[in-house]
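Engineer: I'll drop the sequence and a predicted model, then ask my questions.
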Amino acid sequence: MDNQFTFTIKSVCFDENYQPSDNTRITTNFANLARGSQRQQNLRNTLNMINNRFNALAPWDNPTGDRYCIELEIISVDINIAGSGQSFPSIEILQTIIFDKQTNERIEGNVGNNFSSYVRDYDFSVVLPEHNKAQPAFSVPDNFGELHGKLFKRFIHSSEYQAAFSKPPVICLSVSDSKTYFRTDNHHPVLGVEYTPGETSLTEQYFKKMGLSVRYFMPPNSVAPLAFYFMGDLLNDYTNLELISTISTMETFQKIYRPEIYNANATAGNRYQPDLRHQDHSLTQIVYDREERSELARAQGKFAEEHFIKPYQQFLENWSASYSL
């Protein structure tokens, strides 16, 4: 049994009173919203959007459209290296809890949703740019994402994860603005109409090394497909309410962060290419600085390099070379 790593899982409630701690990754969706003079209004508006979208997608036995509300927990995971006495912040994800006001029941939703990772920032903001400085054309270095993928799989299969969560994660991301997507005839009552990409993307390949497959669906009354990364069977392993908890949460975040795609005034057609320069879109009443977030990703990638990759490089290389499920 691989006992060279253990994990510490911590959670904090994400509500209108949420304030990021000093060691929270400030590039994450939720932390970025909770800063500045309009922080509380940002958070309140975001949660209202999530709840409204959830109820719109769950209309059965819900005549007034307010039966459910979503509670969110920010899950922070520290990785502990055996024998070192040291731990390092590795990922942050979101846990959704569905509160049914009709039955006063709290129902476990999906875990995952958002995905934020120091080592991923290191790969994309440090390793990839450094590699391509001397390349005549864009390329990906050998073993790109191998360590990150194995660390993620090690966490998902850990006793700590199994004790905390009942199902594997579902991570929901934006589609790529460099790819074209094609509408299919497949339709799911909650996920909506399925799209397929014309070609694979670096993100798909990266998440595949994490053990995750991807499918693209445009939910009812959405304007663009979302990317759903998962293990197992997305359509049959999760209940409708669990899927709705992911859609309502992550579509709301995408409307804030990528309004050109997810708050566009026209719906994706049979052949769809996302465009972040698209002008025909609406803005939410929520303040967000996209450029700052990119700069912070680079800073936190360097943090991972200095405090995790370099100090434990030989150990990590040896572990990665020998690790298998």
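Structural biologist: Looks like it came in fine. Just so we're clear, the structure is a prediction, and the values are computed from it rather than from any experiment.

Engineer: check contacts around residue 197.
Structural biologist: If you count contacts by CB atoms under 8 Å, 6 or more residues apart in numbering, residue 197 has them with 176, 179-182, 204, 216. All C-beta atoms are positioned from the backbone trio N, CA, C, and that covers glycine.

Engineer: what of residue 249?
Structural biologist: Taking CB under 8 Å, 6+ apart, we find residue 249 in contact with 50, 70, 72, 94, 96, 113-114, 172.

Engineer: now, the residues you listed that are in helices?
Structural biologist: Secondary structure from DSSP state H places residue 50 of the contacts of residue 249 in helices.

Engineer: just the buried residues out of the contacts of residue 249, in PyMOL syntax.
Structural biologist: Listed next is the PyMOL selection for buried residues among the contacts of residue 249, using 16 or more other CB atoms under 10 Å:
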select buried, resi 50+70+72+94+96+113+114+172
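
Engineer: now the contacts of residue 249 as CSV including distance to residue 87 and pLDDT?
Structural biologist: Shown next, in CSV, are the contacts of residue 249 (distance: CB to CB, whole Å; pLDDT from 0 to 100):
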residue, distance to residue 87, pLDDT
50, 31, 95
70, 30, 96
72, 24, 94
94, 21, 94
96, 26, 97
113, 24, 95
114, 22, 92
172, 28, 97
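
Engineer: got the phi and psi for the spatially closest residue to residue 267 that is not a sequence neighbour?
Structural biologist: For residue 267, the nearest residue in space outside its immediate sequence neighbours is residue 223; the separation is 4.7 Å by CB to CB, 6 or more residues apart in numbering. The phi/psi pair for residue 223 (degrees, to the nearest 10) reads phi -110, psi -10.

Engineer: pull the contacting residues for residue 123.
Structural biologist: Listed by CB under 8 Å, 6+ apart, the contact partners of residue 123 are 144-145, 148, 206, 301.

Engineer: repeat that with 7 Å
Structural biologist: Residues in contact with residue 123, defined by CB atoms under 7 Å, 6 or more residues apart in numbering, are 144-145, 148.

Engineer: distance of it relative to residue 61?
Structural biologist: Relative to residue 61, residue 123 is positioned 45 Å away (criterion: CB to CB, to the nearest Å).

Engineer: re earlier: mind checking which of the contacts of residue 249 land in strands?
Structural biologist: Restricting these to those inside strands, with DSSP state E as the criterion, leaves 70, 72, 94, 96, 113-114, 172.

Engineer: buried residues in stretch 97-114?
Structural biologist: Going by neighbour count (16+ other CB under 10 Å), the buried part of stretch 97-114 is 98-100, 108-114.

Engineer: same thing with stretch 201-215?
Structural biologist: For stretch 201-215, the neighbour count (16+ other CB under 10 Å) marks 203-204, 206-207, 209-212, 214-215 as buried.

Engineer: and for stretch 184-196?
Structural biologist: Buried residues in stretch 184-196, counted by 16+ other CB under 10 Å: 188, 190-195.

Engineer: where exactly do the strands run in the stretch 1-150 of the chain?
Structural biologist: For the stretch 1-150 of the chain, the strands defined by DSSP state E, counting those that start in this stretch occupy 5-14, 68-81, 86-100, 105-117.

Engineer: let me know the helix or strand that residue 243 is in.
Structural biologist: helix 240-257 (DSSP states H and E).

Engineer: same for the next helix or strand after that helix, what does it pack against?
Structural biologist: Secondary structure here is assigned by DSSP H and E; on that basis, the next helix or strand after helix 240-257 toward the C-terminus is helix 259-262. Secondary structure elements in contact with helix 259-262, counted by 3 or more CB pairs under 7 Å, 6 or more residues apart in numbering; DSSP states H and E, are helix 240-257.
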